[in-house]
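> Here's a sequence, model it:
(one chain, ligands or ions: 2)
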Amino acid sequence: MRVTLLGPPGAGKGTHAVDLSREFGVPHISTGDIFREEMKSETELGKLARSYIDEGNLVPDDVTVDIVRGRLGKEDASAGFILDGFPRTIPQAEQLDGLLSGLGTALDTAIYLFAPEEVIIQRLSGRRVCRNCGAVFHVVNIPPRREGVCDRCGGELYRREDDAPEAIRQRMRQYESKTAGLVGYYESGGRLVRVDAGIARQETYRLLREIMAGLR
Ligand code: ADP
Ligand code: ZN
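Ligands and ions are numbered 1, 2, ... in the order given. Sure, this is the predicted structure:
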C-alpha cells in the first residue's frame with residue numbers, strides 16, 4: 001500500500017495517518033513532522049525550513065523532494081507507506097512519480113480529505129501539539145485530560161507558530177494556489193479517492209480504513 005493523503009491544512013491528514021500507520025503497519029511519512037524535528041534540533045535544514053514554515057509558506061520543492069527521496073529509500077518503506085503533506089505542488093507530484101518508478105513501483109492512490117473552510121479554521125486555531133512526542137490535541141474537539149499537558153507522555157502542549165491567525169490565512173492561500181491543483185492531477189490519472197473529512201473523526205477513519213483494506 002502506497003498512498004498519499006491530500007487536502008487542506010487542518011483536514012486531519014496527520015491525525016488519521018498516525019492511526020492508519022499503526023493499524024496497517026506501514027510507516028507514516030510526514031514532511032511537516034520531519035521539518036519540525038529538524039527545527040527542534042536546530043539543524044541547518046531546520047533553520048532553512050523555519051524561515052518558510054513560520055510564515056505559512058511552502059519549503060522549496062528541491063529541498064522537500066530530497067528529504068522524501070532519502071526517506072523512501074529506507075528499508076521500512078519498501079513494503080508501503082502513508083505520505084502526509086507530500087506532494088504539495090505539481091512538480092513534487094511529478095518527481096514523486098519519477099522517484100517511485102525508479103524504485104520499480106508506483107503510488108496506488110491519492111486520498112483527498114476535504115472539509116469546509118470554517119471547519120478547517122476552527123480546527124487549526126484550537127490545535128495544540130506536544131513538544132515532546134508530537135501528539136495532536138484540540139482545546140475544544142480533543143481536549144487533553146490536563147490543560148497544557150500531553151495525555152500520552154506528559155510533555156508540554158504548545159500552539160504551532162504557523163497556527164497563528166495570519167499564518168493560517170497564508171497557508172490557506174498557498175494551498176489554493178499551489179496544492180489544490182493536485183486533485184486534478186491525480187484525478188486525471190485515475191488515482192484519486194475523495195473522503196469527507198468534515199464529519200466526525202471516527203466516521204472519516206472508517207472510510208479511510210476501507211480504502212486501505214482494499215489495497216492489501
Ligand atoms: P498542515 O497540513 O497542517 O499545514 P504540515 O505539518 O503538513 O501541516 O506542514 C507544515 C508546514 O511544513 C507547511 O505549511 C509547509 O511550510 C511545510 N511543508 C510540509 N510539507 C511540505 C511540502 N511537501 N512542500 C513544501 N512545504 C512543506
Ligand atoms: Zn507527548
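
> Mind checking what secondary structure the closest residue to ligand 1 within the chain has?
As assessed by CB to the nearest ligand atom, ligand 1 sits closest to Gly32 within the chain, at 2.0 Å. C-beta: built from backbone N, CA, C; applies to glycine. Assigned with DSSP: H, G, I helix; E, B strand; the rest coil, Gly32 falls in the helix class.

> residues in contact with it?
Neighbouring residues of Gly32 by CB atoms under 8 Å, 6 or more residues apart in numbering: 14, 53, 84-85.

> Out of those, list just those in strands.
Asp84 (DSSP state E).

> between the contacts of Gly32, which is nearest ligand 2?
Nearest to ligand 2 among these: Gly14, at 14.0 Å, using CB to the ion.

> coming back round to it: out of the contacts of Gly32, who has the most neighbours?
In terms of neighbours by other CB atoms under 10 Å, the contacts of Gly32 top out with Asp84 at 24 neighbours.

> give the contact list for that one.
Residues near Asp84 by CB under 8 Å, 6+ apart: 4-5, 13-14, 17, 28-33.

> for Val65, same thing?
Per CB under 8 Å, 6+ apart, neighbours of Val65: 92, 95-96, 99.

> Okay, and it sits in which element?
Take DSSP states H and E as the rule and Val65 turns out to sit in helix 61-72.

> Could you pull out the buried residues of that helix?
Residues of helix 61-72 classed as buried: 61, 64-65, 67-68, 71-72 (neighbour count, 16 or more other CB atoms under 10 Å).

> one step back: tell me which of the contacts of Gly32 is nearest to Arg173?
Ile53 (14.8 Å; CB to CB).

> What distance do you get for the nearest residue to that closest one once chain neighbours are set aside to ligand 2?
Distances taken as CB to CB, 6 or more residues apart in numbering place Asp162 nearest to Ile53, at 5.7 Å, with adjacent residues excluded. Here the criterion is CB to the ion, to the nearest Å. By it, Asp162 lies 19 Å from ligand 2.

> quick one: Asp162 from Ala180, how far?
18 Å (CB to CB, to the nearest Å).

> In terms of packing, which of those two has more residues around it?
The neighbour count for Asp162 versus Ala180, taken as other CB under 10 Å, is higher for Asp162 (21 against 14).

> Contact partners for the more buried one?
Here Asp162 is in contact with 53-56, 168, 171 (CB under 8 Å, 6+ apart).

> mind listing the helices for this structure?
Secondary structure of the chain by DSSP state H: the helices cover 13-24, 31-40, 44-53, 61-72, 90-102, 117-126, 165-174, 182-188, 201-214.

> Can you pull the residues of this protein lying near ligand 2?
130, 132-133, 135, 150, 152-153, 155 (CB under 5 Å from the ion).

> Generate a ChimeraX selection restricted to the buried subset of those.
Restricted to buried positions by 16+ other CB under 10 Å, the ChimeraX selection for the residues of the chain next to ligand 2 reads:
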select :130,135,150,155
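
> So which of the residues of the chain next to ligand 2 belong to strands?
Mapping the residues of the chain next to ligand 2 onto strands (DSSP E) picks out Cys130.

> Pro8 contacts Ile168, doesn't it?
No. The criterion here is CB atoms under 8 Å, and Pro8 misses it with Ile168 at 10.5 Å.
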